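J.: task: produce atomic coordinates for the following.
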Amino acid sequence: MIKRFTSKEDVFEIAYRISKDSDYAKEYARYEKEEKRRFEICEKFAKEKGITGSKFAIAGDGSVNMPFNENQKRNIYFFIEDNELNRERFKGSLKKKSSLSRALRVFSRNSKVSKEFAKRCIDEGIVVNNHNPDAWAYLEDLKRLNSEYKYSLFESGDFMYMKIDMGRSIDITAPEGFEEIPVSEFYFIYEHLIEGKENDKDE
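T.: As a prediction, the model looks like this:
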């Protein structure tokens, strides 16, 4: 019998070791690969246009986890870092506020920069709305909790590790590739992972 933890605040915890061959791990790998590609496209485009800063974001009204088509091009939004140089250079093109972050400004969809960036996204087959896989999509019993849960995730070696904090205790049927482990093991592996990273910094 695996020991699960209950905190003083009545938060029930359950932990899993996830195989890299699982559907969840494969989808997470796709998400991370696309995130890197999206940033590279933004960074290259920014240099071409004289945009300063290292913070970017892409969003749009349309498909999730798949590229937009030509008909969705006008629904793509390009966000850049909100700094003095960008505000001065693109003052006629940037909107005053961003719904994503106070540190970002979004280009007006009718601006030249926005239209060129949208075309780049279509030509490069960029996934505009790139969403990481949520736990409830693979652990369907979590849907019974509505929003009464949160989860944390990390990778170590050949596995991913997930811990779920639930507002109440429920039985969960895990899919293939998910192995329930003691919560104490999750913390043990995570602490060793952090210690290893700290040691690497000191060297």
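
J.: can you list the low-confidence ranges for the protein?
T.: Counting by pLDDT under 70, the low-confidence segments of the chain come to 1-9, 98-100, 198-203.

J.: what do you get if the cut-off is 90, keeping everything else the same?
T.: For the chain, the stretches flagged by pLDDT under 90 are 1-11, 95-103, 136, 143-149, 167-171, 194-203.

J.: ok, longest helix in it?
T.: For the chain, the helix that runs over the most residues, judged by DSSP state H, is helix 23-49.

J.: for it, which positions count as buried?
T.: For helix 23-49, burial by neighbour count (16 or more other C-beta atoms under 10 Å) applies to Asp23, Tyr24, Ala25, Glu27, Tyr28, Tyr31, Glu34, Arg38, Ile41, Cys42, Phe45, Ala46. Bear in mind the C-beta positions are built from the backbone N, C-alpha and C, glycine included.

J.: measure the residue nearest to the spatial centre of the chain to Pro67 for me?
T.: Geometric centre of the chain, nearest residue: Asn132, 4.9 Å, by C-alpha atoms, centre = their mean. Distance of Asn132 to Pro67, given as C-beta to C-beta, to the nearest Å: 17 Å.

J.: go on, Gly60?
T.: 11 Å.

J.: just Asn86 next, same as before
T.: 27 Å.
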